[in-house]
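Asks: below are the sequence and a predicted model; questions follow.
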Amino acid sequence: MNVTVTRALLSVSDKSGILDLARALDRHGVELVSTGGTAKAIREAGLPVRDISDLTGFPEMMDGRVKTLHPVVHGGLLAVRDNPEHVASMTEHGIGPIDLVVVNLYPFAQTVAKGADRDEIIENIDIGGPSMVRSAAKNHSHVAIVTDPADYAALVEELDANAGATSLDTRRRFAAKAYAATAAYDSAIAGWFASVDQGETLPQTLPLAFTRADTLRYGENPHQTAALYLPNTGATRGIAQGQQLQGKELSYNNYNDADAALELVSEFRDGPPTVVIVKHANPCGVATGDTLLEAYQAALACDSVSAFGGIIALNRPLGGETARAISGIFTEVVCAPDADEEARAVFAAKKNLRLIVTGELPDPARAGLAIKSIAGGLLVQSRDNGLLAPEELKVVTKRAPTEQELADCRFAWTVAKHVKSNAIVYAKDGSTAGVGAGQMNRLESARIAAWKAKDAADKAGWAEPRTIGSAVASDAFFPFADGLMAAVEAGATAVIQPGGSIRDAEVIAAADEAGLAMVFTGMRHFRH
């Protein structure tokens, strides 16, 4: 059923495009009714407009808080036009129909984002706007509701095609979008009250509002559908906000792996040049160096087989020399704060390689929530932003680590935080030597990491694997001494682990007997 638009109510905080829309409506002979600043802008553009107070017979008052909350407005929106009783009530009370509502809401999220004080934030909670939106959307059989300036052109096209009328299909589509808009708006308000005003990390009701930014080719596998959603409120800049400079579109797996790489390299954002190589969300090579090129070469040497088709993240702007080195093997995605013209030119020859510049790297210590879906619900936890201060380390063996061993311990520990459990990471001189990830027991992770280090040495033609004289990190405690002894066999001389096992004394004794230096962190980093 088409509905001819005879009267439209326009009340917007974001006035972009509103005058062009008002002109189009006037061209179709639509009576324009408006409020406050919107009415002023329309009138100054030379278009006829009727103030809302003239329609209701009641003045705007209380700083504009009470203007559209009136039976004449909501009766005109909610009346079912083919219901005789509704029509009789409209006639009796002098209520005219409103066929189109164009509303966008007070900028609550933007007000919060700019750091406004509490009173200003509260003032930017819209009441009349959402009420009109919900009334019009409920009665979409007769009323069109538009909440997004991006839809103005489609509305005008509809009116032009239908002699000033809207179709039911269009009104239904606009109504669905309108309810999503009010739900997201209320979610932002509820989230602010819970997290900021009341200081709740895990509120009784968890309000979430995200808007689809892009549909992806498929999910983890071709039979799964997927999309990228961005939070409606302000968020830390991350891979989702990065600018893709070249290459084919990112897949679900690309986003997941690039996020893992960016999160890990961000741990070194204030450190020396660092390169992270990730495959299937696990780091397969991480290294620091005097230059990005040195760091990349060391990271690649850790596991050049896994690096093929991997994701690379850097903590410094990418230059041409490093870009040429990266181009030596097939790489899916490269993420960096920026890339110079030479680097961009080098990668331009690799049409399938995605280059993403992220700007400032995320703060690894930031607060936030980690959310995982399970059958029937969500698991929600605070994100793992635990950082290790030097004074928090506790030496538990007879021998204390040397300065270099301690530096390698801290490096290995930082990487292990981002490796799937059970995680074992060997590191030496600011580079990973071997990474064991995702095994069902810690002993196997230790053995796999050592085997990878030996394989890397064989491929590079080194005299010995880099596990010789290395530090080893375990994301959780060693429940038995066997995992520790596997590290000893690999050549590790220092160990960093959380501690806390009922067999800590047994593990410490084994470390002492082997001449190891071992420190406890008192913090674990499980990652499932």
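Replies: Structure received. Residues are numbered from 1 along each chain as shown.
Asks: going forward, measure contacts between C-alpha atoms and count neighbours the same way
Replies: Noted.
Asks: the stretch 151-300 of the chain: strands as residue ranges?
Replies: 165-166, 210-216, 226-231, 243-246, 274-279, 282-288 (DSSP state E, counting those that start in this stretch).
Asks: in a markdown table: the ones you listed, plus mean pLDDT and distance to A299.
Replies: Shown next, in a markdown table, are those (pLDDT from 0 to 100; distance: least, C-alpha to C-alpha, whole Å):
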| stretch | mean pLDDT | distance to A299 |
| --- | --- | --- |
| strand 165-166 | 94 | 60 |
| strand 210-216 | 93 | 30 |
| strand 226-231 | 94 | 30 |
| strand 243-246 | 94 | 24 |
| strand 274-279 | 98 | 7 |
| strand 282-288 | 97 | 4 |
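Asks: can you pull the buried residues of the helix or strand harbouring A109?
Replies: Assessed by DSSP states H and E, A109 sits inside helix 108-113. By 16 or more other C-alpha atoms under 10 Å, the buried positions in helix 108-113 come out as 108-109, 111-112.
Asks: tell me the mean pLDDT over the following helix or strand past that helix?
Replies: Using DSSP H and E, the helix or strand that follows helix 108-113 in sequence is helix 118-123. Average pLDDT, helix 118-123: 92.
Asks: now helix 118-123 - C-alpha only, CSV.
Replies: The C-alpha trace of helix 118-123 is given here as CSV (Å, rounded to 0.1, in the frame of the first residue of the first chain):
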residue,chain,number,x,y,z
ARG,A,118,28.1,14.6,33.6
ASP,A,119,25.4,17.4,33.3
GLU,A,120,26.1,17.9,29.6
ILE,A,121,26.0,14.2,29.0
ILE,A,122,22.7,13.9,30.7
GLU,A,123,21.3,16.8,28.7
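Asks: in that helix, what's buried?
Replies: So helix 118-123, judged by 16+ other C-alpha under 10 Å, has buried residues I121.
Asks: same for the helix or strand following that helix, what does it pack against?
Replies: Sequence order places helix 128-138 as the next helix or strand after helix 118-123, per DSSP H and E. Packing partners of helix 128-138 (3 or more C-alpha pairs under 8 Å, 6 or more residues apart in numbering; DSSP states H and E): helix 71-78, strand 100-104, strand 144-146, helix 168-192.
Asks: let's go with 7 Å and repeat that
Replies: helix 71-78, strand 144-146, helix 168-192 (3 or more C-alpha pairs under 7 Å, 6 or more residues apart in numbering; DSSP states H and E).
Asks: endpoint to endpoint, stretch 354-364 covers what distance?
Replies: 24 Å (C-alpha to C-alpha, to the nearest Å).
Asks: tell me the mean pLDDT over it?
Replies: Stretch 354-364 comes out at a mean pLDDT of 95.
Asks: same question, stretch 24-33
Replies: Mean pLDDT, computed over stretch 24-33, is 94.
Asks: give me the residues contacting that stretch.
Replies: Applying C-alpha atoms under 7 Å, 6 or more residues apart in numbering, the contact partners of stretch 24-33 are 5-10, 49-52, 156, 164.
Asks: again with stretch 307-315
Replies: 257-258, 261-262, 265-266, 268-269, 273-279, 284, 300, 329-337.
Asks: out of those, list just those in helices.
Replies: 257-258, 261-262, 265-266, 300 (DSSP state H).
Asks: which members of those residues are the farthest-apart pair?
Replies: S266 and L300 (18.6 Å; C-alpha to C-alpha).
Asks: which one's more surrounded, those two?
Replies: L300 (26 against 21; other C-alpha atoms under 10 Å).
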